[in-house]
Each structure stands twice: as C-alpha cells, then as structure tokens.
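Here is the input, now give the coordinates:
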Amino acid sequence: MSDKTIHIDNHDSEADTCRKEVLPKLYDSQWSDDLILEQRTFTDGKIIVIGRNKTLGLDKLMKILVPVPSIELQREFVELLNKTNAVKEHHKQTEQELTKLIPSLLDKAFKGEL
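A predicted model of the protein is given here:
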C-alpha cells in the first residue's frame, strides 16, 4: 500500500476510516489538533429516543458525521458576530443617551423653546 492510499474497510463507518487512515496522514504532514476538525459531540450523556424512525435507527444516527465549517469560515463568522455585537452595543448606548435627553426635550417643548 502506497503512502497516498487509503484503505476503506466495508465494516468501518466514515468516522472509523477517517480515524484509521486520514488522521495519521494529517499528523505525518505536521498538522496539529487545532487545525483538524473531525466531528463534534452534542452530548456526553444518554440519548433518549422519543418516537421511532424505523429507517434511520439510533446506530445509524450516531454514525452520521456532522460537517464542521473550515477554520477560516469559523473565524470569519466570529469576526462578523463581533462586529454585530459591537453595533448592538452602540445602539443600546445611543438609546440610553436619547432616553436621558427626553425629559430635557419635553421641558423645552412645554416652555415653548423649540
């Protein structure tokens, strides 16, 4: 088997194949764990099945790999989220300042100073 060949066993899931074949090749290429996004676990606890999906089943469900966006896309998302939060904070501060000005504005309006 050449260094670039990946052996896929019919009994292995996609995740098994990735762990056995792909990850070692990434490590050999000097990739670090922070660059490798394999899959994410949603819960460490027991999964309680409510209702039945007879075509999928729990075993098949647990083998489904959930795609994770690239690190570049994740960073871009975080940047946009930070910008959005900054705009929200600015709007909140502006609203507070305007709320403080309303009594003064009403006072001038009732005095006929507008």
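
Quick check: closest non-adjacent residue to K63.
Spatial nearest neighbour of K63, chain neighbours left out: S13 (4.5 Å); criterion: C-beta to C-beta, 6 or more residues apart in numbering. C-beta coordinates here come from the backbone N, C-alpha and C atoms, glycine included.

ok, how many other residues are close to that neighbour?
15 (other C-beta atoms under 10 Å).

cool, R19 as well?
Neighbour tally, R19, other C-beta under 10 Å: 13.

do you know how far it is from R75?
According to C-beta to C-beta, to the nearest Å, R19 and R75 sit 26 Å apart.

Equivalent analysis for T94, please.
29 Å.

show me the contacts for S32.
For S32, the contact set (C-beta atoms under 8 Å, 6 or more residues apart in numbering) is empty.

again but with L26, I slipped
So L26 contacts I36 (C-beta under 8 Å, 6+ apart).
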